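> Predicted structure and sequence below. I'll ask about it afterward.
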Amino acid sequence: MRLLKTLLAAVIIFSLISSFAYFTMIESKILTQYSEVKKASRVVLLSKTRSKFVTGEYWENEMLAQYKKINGLPLDAQFDYFRILLANIEFYGTQSYDFIHMVGMNAEKFANYLDDFEKDDSYLKLSRDEQEILKKWKAEFQVIGQDKELLVD
């Protein structure tokens, strides 16, 4: 019985330390000056993680709900939100579709924003993989920006 209690305590302590480390890592990836964007990004990243490891629920609804909360902010703030999500979430299928439609008619401006971000010191804080992901999406949004008909359902 004592061994079981010790083992349980060790698991709890390990879980707490792991959780703290994970939340610290997430915070280090949210590079923006806008507190509303930090909060929205944090909620989406945690929802995605919770979905992947615990609940299996759709996290995409949270991404869209958080976007609605920041939609009235300046475009730079919205673009920070998009960039943070792109650098930290692997989008595919309907997730990509939802994301592209969230950016919407600002696709070309967002591609320009990503181009400018590559020249910012914050860009160097990203991993090489994150930088490559942003470059690929920048190219996609340049194409979408040139052909708005790609946004039609």
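That came in fine, so what should we check first?
> Least confident secondary structure element in this protein?
Lowest by mean pLDDT, DSSP states H and E among the helices and strands of the chain is helix 2-29, with a mean of 65.
> Now for Asp76, how many residues are close by?
Asp76 is flanked by 15 other residues according to other C-beta atoms under 10 Å. Quick note: C-beta positions are derived from backbone N, CA and C, even for glycine.
> helix/strand/coil for it?
helix (DSSP: H, G, I helix; E, B strand; the rest coil).
> Tell me the predicted confidence for the closest residue to it other than its chain neighbours.
Spatial nearest neighbour of Asp76, chain neighbours left out: Tyr113 (7.2 Å); criterion: C-beta to C-beta, 6 or more residues apart in numbering. At Tyr113, the model reports a pLDDT of 96.
> who does whichever strand or helix holds Tyr113 touch, helix- and strand-wise?
If you go by DSSP states H and E, Tyr113 is part of helix 107-117. Helices and strands touching helix 107-117, by 3 or more C-beta pairs under 8 Å, 6 or more residues apart in numbering; DSSP states H and E, are helix 75-88, helix 128-146.
> How many neighbouring residues does the residue nearest to Asp76 have?
Quick note: Tyr113 (other C-beta under 10 Å) scores 19 neighbours.
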